[in-house]
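Chemist: Quick one, what's the 3D model for this:
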Amino acid sequence: MSSNIRLPKICQHCGNEFIAKTTKTQYCGDNCAKRAYKARKKKEKLQNAKPIGKQKIEYRSQLIKEKEFLSIKETCTLLGASRMTIYRQIKSGNINAIKLGQRTIIKRADINKLFQS
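Modeler: A predicted model of the protein is given here:
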């Protein structure tokens, strides 16, 4: 049995008017249906993808967690403190640091001891 239904509709993809033969038809033709499908899949992929900035932060924090010796910048990131705060703690003797040329290196164990006291 064929349907005698003829409904004027507007294509959900291109916006053109067309005559639909069923009540569920959304697109004027096969090309618009395929393009809408591809656009939907692209939108889903973009929503599931993490922003680059967030990926970088997660990667850096993962590297910091694995290191035994940290720089001042990494210590700041780990503790959520400013550079001056870290330098003040080094000067007061709360954090032991070692100078290697221009770099200041802090042992992770010393940072852990800071919070165990």
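Chemist: Domain ranges for the protein, per the record?
Modeler: 7-48, 52-116 (automatic domain parsing).
Chemist: which stretch in these is the model least sure about?
Modeler: Least confident of the domains of the chain, judged by mean pLDDT, is domain 52-116 with a mean of 87.
Chemist: residue ranges for the strands of this protein, please.
Modeler: Applying DSSP state E to the chain gives strands spanning 7-10, 17-20, 69-70, 97-100, 103-107.
Chemist: do you know which of these lies nearest residue 44?
Modeler: Nearest to residue 44 among the strands of the chain is strand 7-10; the distance by CB to CB comes to 24.2 Å. To be clear about C-beta, it is placed using only N, CA and C from the backbone, and glycine gets the same treatment.
Chemist: For the closest one, which strands pair with it and how are they oriented?
Modeler: The pairing partners recorded for strand 7-10 under DSSP bridges are strand 17-20 (antiparallel).
Chemist: And the contacts of the partner strand?
Modeler: Strand 17-20 has contacts (CB atoms under 8 Å, 6 or more residues apart in numbering) with 5, 6, 7, 8, 9, 10, 11, 28, 29.
Chemist: Reformat the strands of the chain as CSV; add mean neighbour count.
Modeler: Shown next, in CSV, are these (neighbours: other CB atoms under 10 Å):
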stretch, mean neighbour count
strand 7-10, 12
strand 17-20, 13
strand 69-70, 18
strand 97-100, 11
strand 103-107, 16
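Chemist: Now render these as a markdown table, adding distance to residue 40.
Modeler: Listed next are those as a markdown table, based on distance: least, CB to CB, whole Å:
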| stretch | distance to residue 40 |
| --- | --- |
| strand 7-10 | 18 |
| strand 17-20 | 20 |
| strand 69-70 | 45 |
| strand 97-100 | 54 |
| strand 103-107 | 50 |
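Chemist: Tell me which of these approaches residue 39 most closely.
Modeler: Across the strands of the chain, residue 39 has its closest neighbour in strand 7-10 (16.9 Å, CB to CB).
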